[in-house]
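1. output the structure for:
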Amino acid sequence: MRSWLSAALLVTALAAAVVVVPPAAGGRPTTGGFTNLPLSLVTSTLSASLAGVDTSQIQVDASQVALDVKQFKATKKGGIVATAQLRGSLLLRDSTGSVIGSVGLSTTTVTLNVTSLSAACTGNLSFAFTFGLRLSGATVTLSTSVGTLSLSLGGSVTLRGSASITATTTTAKQLICDIAHLLPVTTSTVSQIVDDLNRLVSSFSGLTTTLDVSALTAALQSLDLSQLQLDTSGLTASIRQFQVQGGTIVAVAQLSGTIVLRDATGAIVGTVDLGTTTVTLVVSSLRADCSGSLSFSFTLGVHLSGATITLSTSIGTVTLSLAGDVVLHGSVAITGATGTAQSLICDIAHLLPIADATIEPIVDDLNSLLASL
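-> Numbers count the residues shown, from 1 in each chain. From the prediction side, this is the model:
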């Protein structure tokens, strides 16, 4: 975990302005010491990745898909396949049946596996078919308690359907009767059957399909984190030592506690336990006077990793991993209760404002003050 991040925070593809949850009332300013200082959130830049989702609850609706057979072909093993052009769209529905996405198929060509071919000299012919379809570019959009979640879907689906025709011309009836005499399909008859089917190919347009099986994969496309709240009221910092760093007063401190991740309703959707971590505070607005009062503000940056949030959606639970940077703010207000403390604070007051010549003595006095409390 990085102890300090520059003001130019890393901006990720899913950067989000996170809502600030103020600390408990009465927690600021701190008086009487440099320990257990409460912190508030200044800014946060978080990115998310998909950790888990049950895609089995996404329903693939093929009722809007139709296909036109373009050509029948014989396989080397004596089977029959057909090249077909798809029309329409696959609809993606959630567990309530609401449409959450679609996949346009108007330019997709597929290969049908033709089975259960039957024919009769009465002019009736039918067969079943299945075909596989790889999905790409499919997106589902889900509402969550922290904002809108978009998932990119991949994977495959298998669709099935059937064709049934009755000859309306003498030529068609004769072709179907020829097929009937050639059945069942064998390696010696398949070529003749395919030739006859291709003479009837215009009859196999507008065939409908239904879903057989689906094996979907998902990846996070985008997430609106604007409604995710970072509650830092469980964080505290305790200063251990003051130092000079690059012409600025900083303080080495112990950061401890937990960041609570909340949704728009305030419900907890995740936590980040920081344990006890050494961080560097950047001190600003240092003030002191000879009445024994001293105060300053500070900021610190923390990089989060390994945080997860669990969200309820209309396709079930979605788990997201979060990572990114947060900047925290705090302040100190001290009133010297002893002669030593008051004297040190008065020395600091005489050394202000901070300059190259005074910064080291000020830090020495701050460390002496820290030791006296």
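
2. how close does residue 252 get to residue 242?
-> For residue 252, the distance to residue 242 equals 8 Å [CB to CB, to the nearest Å]. Where you see a C-beta, it was placed from the backbone N, CA and C, and this is true even at glycine.

3. ok, the two, which is more surrounded?
-> For the pair residue 252 and residue 242, the greater number of neighbours falls to residue 242 (22 against 15), based on other CB atoms under 10 Å.

4. assign that one to helix, strand or coil.
-> Assigned state for residue 242: strand (three-state reduction, DSSP: H, G, I helix; E, B strand; the rest coil).

5. for it, which non-adjacent residue is spatially closest?
-> Using CB to CB, 6 or more residues apart in numbering and skipping residues adjacent in sequence, the residue nearest residue 242 is residue 366, 4.3 Å away.

6. contacting residues for that neighbour?
-> Listed by CB atoms under 8 Å, 6 or more residues apart in numbering, the contact set of residue 366 reads 242, 249, 348.

7. may I have the beta-bridge partners of the first one?
-> Listed beta-bridge partners, residue 242: residue 251 (assigned using DSSP bridges).

8. can you report how many residues neighbour residue 108?
-> Here the count is done by other CB under 10 Å, and residue 108 has 16 residues near it.

9. tell me how far it lies from residue 133.
-> For residue 108, the distance to residue 133 under the criterion CB to CB works out to 7 Å.

10. which helix or strand in this structure has the lowest average pLDDT?
-> Lowest mean confidence among the helices and strands of the chain (mean pLDDT, DSSP states H and E): strand 19-21, at a mean of 35.

11. so what are the domain limits for the chain?
-> 19-53+224-372, 55-222 (automatic domain parsing).

12. looking at those, which has the lowest confidence?
-> Lowest mean pLDDT within the domains of the chain: domain 19-53+224-372, at a mean of 89.

13. wait, what's in contact with residue 341?
-> 292, 334, 369, 372-373.

14. nearest to residue 299, of these?
-> The nearest member of the contacts of residue 341 to residue 299, counting by CB to CB, is residue 334 at 18.6 Å.

15. bridged to the closest one, which residues?
-> Judged by DSSP bridges, the bridge partners of residue 334 are residue 294.

16. can I get the contacts of residue 341 in a markdown table with secondary structure?
-> Supplementary listing: the contacts of residue 341 in a markdown table, determined by three-state DSSP:
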| residue | secondary structure |
| --- | --- |
| 292 | coil |
| 334 | strand |
| 369 | helix |
| 372 | helix |
| 373 | coil |
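
17. I'd like these as TSV, with distance to residue 200 and neighbour count appended.
-> Written out in TSV, the entries for the contacts of residue 341 read as follows (distance: CB to CB, whole Å; neighbours: other CB atoms under 10 Å):
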residue	distance to residue 200	neighbour count
292	102	19
334	94	23
369	97	22
372	100	13
373	96	14
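
18. what is the subsequent helix or strand relative to whichever strand or helix holds residue 214?
-> Assigned by DSSP states H and E, residue 214 belongs to strand 207-223. Scanning the chain past strand 207-223 towards its C-terminal end, the next helix or strand to appear is strand 229-231 (assignment: DSSP H and E).

19. for whichever strand or helix holds residue 362, buried residues please.
-> Assignment of secondary structure by DSSP H and E places residue 362 within helix 359-372. With burial defined by 16 or more other CB atoms under 10 Å, the residues of helix 359-372 counted as buried are 362-370.

20. could you pull out the strands for the stretch 101-250 of the chain?
-> Assignment of strands within the stretch 101-250 of the chain using DSSP state E, counting those that start in this stretch yields the ranges 109-119, 124-144, 147-166, 207-223, 229-231, 235-245, 248-262.

21. related to what we said a few turns ago, tabulate the CA atom coordinates of the helix holding residue 362 in PDB.
-> Taking C-alpha atoms only, helix 359-372 is exported to PDB below (Å, rounded to 0.1, in the frame of the first residue of the first chain):
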ATOM      1  CA  ILE A 359      11.400  24.700   9.200                       C
ATOM      2  CA  GLU A 360      13.900  22.500  11.000                       C
ATOM      3  CA  PRO A 361      13.500  24.200  14.400                       C
ATOM      4  CA  ILE A 362       9.700  24.100  14.000                       C
ATOM      5  CA  VAL A 363       9.900  20.300  13.400                       C
ATOM      6  CA  ASP A 364      12.200  19.800  16.400                       C
ATOM      7  CA  ASP A 365       9.700  21.700  18.600                       C
ATOM      8  CA  LEU A 366       6.700  19.600  17.100                       C
ATOM      9  CA  ASN A 367       8.500  16.400  18.000                       C
ATOM     10  CA  SER A 368       9.300  17.700  21.500                       C
ATOM     11  CA  LEU A 369       5.700  18.600  21.800                       C
ATOM     12  CA  LEU A 370       4.600  15.200  20.600                       C
ATOM     13  CA  ALA A 371       6.900  13.500  23.200                       C
ATOM     14  CA  SER A 372       5.400  15.700  26.000                       C
END
